[in-house]
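Colleague: here's my sequence, what's the structure:
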Amino acid sequence: MRLYRLLRVAQRYSHRRCFCSATQSQPPDLKKYLTARIAANGPMSVAEYMKEVLTNPISGYYMHKNVIGRDGDFITSPEVSQMFGELLGIWCINEWVKAGMPPTFQLVELGPGRGTLADDMLRTFAQFPTFGDKVSLHMVEISPKLSQQQEEKLTGNPGTEVEADVGSAEPPYKTVKSRHGPEVKWYKDLREVPEGFSCYIAHEFFDALPIFKFHKTQEGWREVLVDLNTSKSNEDEVATSQSDSDFRYVIAGGPTFPARAFLKHIQPEDPRNHLEVSPVGGVVISELAKRIAEEGGFSLIIDYGHNGDKTDTFRAFKNHKQHDALKDPGTADLTADVDFSYLRSMAESKVKVFGPVTQKDFLHNMGILARLQMLMNNCKDEKRSKILLSEYEMLTHPDKMGSRFQFLALLSGDDDDKDYVPSGFINPSEHEVNNSE
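Modeller: Reported below is the predicted structural model:
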């Protein structure tokens with residue numbers, strides 16, 4: 001419960017509602033809104049800024065735009081190749097069998113993008129009727145636009161639904177039948193999803209959660225805030241990261257609540273001068289661990305990140321290129337690398353935690369080469385074969401997605417086999433030896 005009390009306090013810093021009176025038919029300029037708010041209330045936390053830019057219900061980046069794919073600002077592994085979702089589907093089936101084949105199985109995806117990953121997994125499940133008949137799909141999504149795209153993908157009926165009323169509808173705010181059989185339900189919060197044996201998938205979810213930024217000074221850790229570039233701030237000094245936009249980073253003149261509350265896990269000897277912490281991410285991983293421990297199941301978390309050793313990773317992407325995070329808010333994706341050591345520390349007292357391992361190692365351990373060969377054997381032209389090879393390289397090459405993305409697994413801790421390691425999490429050195437033979 002203490003975590004939820006901290007989260008509620010943090011939400012006062014990062015989840016404030018819009019006071020703009022504009023209607024959805026005339027979306028307000030997000031930069032003007034943020035400028036007016038900072039002018040009235042003073043500098044805001046980076047978490048507040050990130051929350052407003054990404055999920056402001058009227059003008060937020062994710063809320064009413066096509067943002068994913070080659071025509072958007074970034075592309076994800078499921079959009080690169082069907083092999084990614086198929087292998088995650090096989091992983092789920094294998095862990096379900098290891099768990100004793102429970103009679104019901106909930107697939108829960110957090111931040112499901114355009115629905116491509118869930119669709120590929122359901123298609124894979126359908127190849128195993130004894131398993132597929134037990135599946136229901138639960139999507140945790142706050143964006144009306146993305147939930148519409150997910151429905152179109154999962155039903156195979158494009159353009160049949162207007163944007164859902166996410167805000168006021170009772171959970172689930174939408175229910176449909178997928179083209180692969182299982183029923184699909186949408187929720188705006190993980191805590192609304194029914195309890196039960198579940199597989200929780202979080203692919204590029206944690207990197208979009210609000211972060212607080214901190215800078216080490218002679219007086220100790222101080223929070224980094226977002227201020228107007230034209231204002232004469234009362235804060236001690238301007239942070240080293242500068243911007244030529246209308247906003248700038250400043251360092252708080254004294255201890256703030258986030259600096260006192262969210263840095264207790266940081267050791268005094270930590271050599272870093274800059275930190276990023278996502279308390280919301282800590283609450284989400286704790287909720288996942290609690291559900292798995294009490295109801296059974298497992299989780300896969302896939303994201304780019306580090307093991308508590310990186311510093312300033314907060315950035316923006318627009319048209320597949322890095323963009324100034326403080327420039328033209330609402331037009332670019334905001335993200336920060338996930339601290340996997342922090343996620344582990346919040347979960348390992350309740351469940352077994354494995355990883356992180358690289359995407360390259362996980363996919364190879366799951367048999368991506370065999371799946372690639374199977375698809376290529378079914379190709380009738382050389383062009384398609386080259387496309388498949390290109391997709392494989394994008395997913396697994398160390399200079400592309402192969403080393404950039406990492407997999408973390410949570411499993412129920414009541415397994416009698418203490419030496420059990422889930423599929424895909426074989427020691428990377430063992431995988432390299434096997435590959436060389």
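
Colleague: and the helix or strand S385 falls within, C-alpha only, in CSV?
Modeller: Per DSSP states H and E, S385 falls inside helix 382-396. Extracted C-alpha coordinates of helix 382-396, given in CSV (Å, rounded to 0.1, in the frame of the first residue of the first chain):
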residue,chain,number,x,y,z
GLU,A,382,13.6,-14.2,-54.4
LYS,A,383,12.4,-10.7,-53.5
ARG,A,384,10.3,-12.1,-50.6
SER,A,385,13.2,-14.2,-49.3
LYS,A,386,15.4,-11.1,-49.2
ILE,A,387,12.7,-9.2,-47.3
LEU,A,388,12.6,-12.1,-44.7
LEU,A,389,16.4,-12.0,-44.3
SER,A,390,16.3,-8.2,-43.9
GLU,A,391,13.6,-8.6,-41.2
TYR,A,392,15.6,-11.2,-39.4
GLU,A,393,18.7,-9.0,-39.5
MET,A,394,16.7,-6.0,-38.1
LEU,A,395,15.4,-8.0,-35.2
THR,A,396,18.7,-9.7,-34.2
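
Colleague: now do that helix: which elements does it pack against?
Modeller: Helices and strands touching helix 382-396, by 3 or more Cβ pairs under 8 Å, 6 or more residues apart in numbering; DSSP states H and E, are helix 77-80, helix 82-98, helix 359-365, helix 368-377, helix 401-404. From N, CA and C alone the C-beta is placed, and that goes for glycine too.

Colleague: helices or strands up against the second one?
Modeller: So that's helix 82-98. helix 77-80, strand 105-110, helix 116-125, strand 198-203, strand 297-306, helix 359-365, helix 368-377, helix 382-396.

Colleague: swap in 7 Å and give it another go.
Modeller: Under the contact definition 3 or more Cβ pairs under 7 Å, 6 or more residues apart in numbering; DSSP states H and E, helix 82-98 sits against helix 77-80, helix 116-125, strand 297-306, helix 368-377.

Colleague: nearest to Y33, out of these?
Modeller: strand 297-306 (29.3 Å; Cβ to Cβ).

Colleague: tell me how far that closest one lies from the chain's centre.
Modeller: 9 Å (Cα atoms, centre = their mean, to the nearest Å).

Colleague: and stretch 299-310, by the same measure?
Modeller: For stretch 299-310, the distance to the chain centre is 10 Å (Cα atoms, centre = their mean).

Colleague: contacts for that stretch next, please.
Modeller: The contact list for stretch 299-310 (Cβ atoms under 7 Å, 6 or more residues apart in numbering) reads 88, 91, 199-204, 206-207, 288, 292, 337-343, 404-410.

Colleague: any idea whether F354 is helix, strand or coil?
Modeller: strand (DSSP: H, G, I helix; E, B strand; the rest coil).

Colleague: that one is in contact with P422, isn't it?
Modeller: Yes: using Cβ atoms under 7 Å, F354 is in contact with P422, at 5.8 Å.

Colleague: list residues touching both of those two?
Modeller: A409.

Colleague: turn the helices and strands packed on helix 82-98 into CSV, including mean pLDDT and mean neighbour count.
Modeller: Below are those laid out as CSV (pLDDT from 0 to 100; neighbours: other Cβ atoms under 10 Å):
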stretch, mean pLDDT, mean neighbour count
helix 77-80, 95, 21
helix 116-125, 98, 24
strand 297-306, 98, 24
helix 368-377, 96, 15
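
Colleague: now render these as JSON lines, adding distance to S45.
Modeller: Rendered in JSON lines, the data for these read as follows (distance: least, Cβ to Cβ, whole Å):
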{"stretch": "helix 77-80", "distance to S45": "31"}
{"stretch": "helix 116-125", "distance to S45": "31"}
{"stretch": "strand 297-306", "distance to S45": "21"}
{"stretch": "helix 368-377", "distance to S45": "41"}
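
Colleague: tell me which of these sits nearest to T35.
Modeller: Judging those by Cβ to Cβ, what sits closest to T35 is strand 297-306, at 31.1 Å.

Colleague: and that closest one, which strands flank it?
Modeller: strand 198-203 (parallel), strand 338-339 (parallel), strand 405-411 (antiparallel) (DSSP bridges).

Colleague: tell me the angle it makes with helix 116-125.
Modeller: Interaxial angle, strand 297-306 versus helix 116-125 (axes from the mean of the first three to the mean of the last three Cα atoms, to 10 degrees): 140 degrees.

Colleague: so how many other residues sit close to Q218?
Modeller: 5 (other Cβ atoms under 10 Å).

Colleague: sorry, slip of the keys, the one I care about is S345.
Modeller: A count of nearby residues for S345, using other Cβ under 10 Å, gives 15.

Colleague: show me how this protein divides into domains.
Modeller: 52-105+117-132+205-211+278-414, 215-231+244-271 (the TED database).

Colleague: rewinding a little: so which of the helices and strands packed on helix 82-98 is nearest T331?
Modeller: Among those, helix 77-80 sits nearest to T331 (Cβ to Cβ), with 20.6 Å.

Colleague: lowest-confidence stretch among the domains of the chain?
Modeller: Among the domains of the chain, domain 215-231+244-271 carries the lowest mean pLDDT, a mean of 90.
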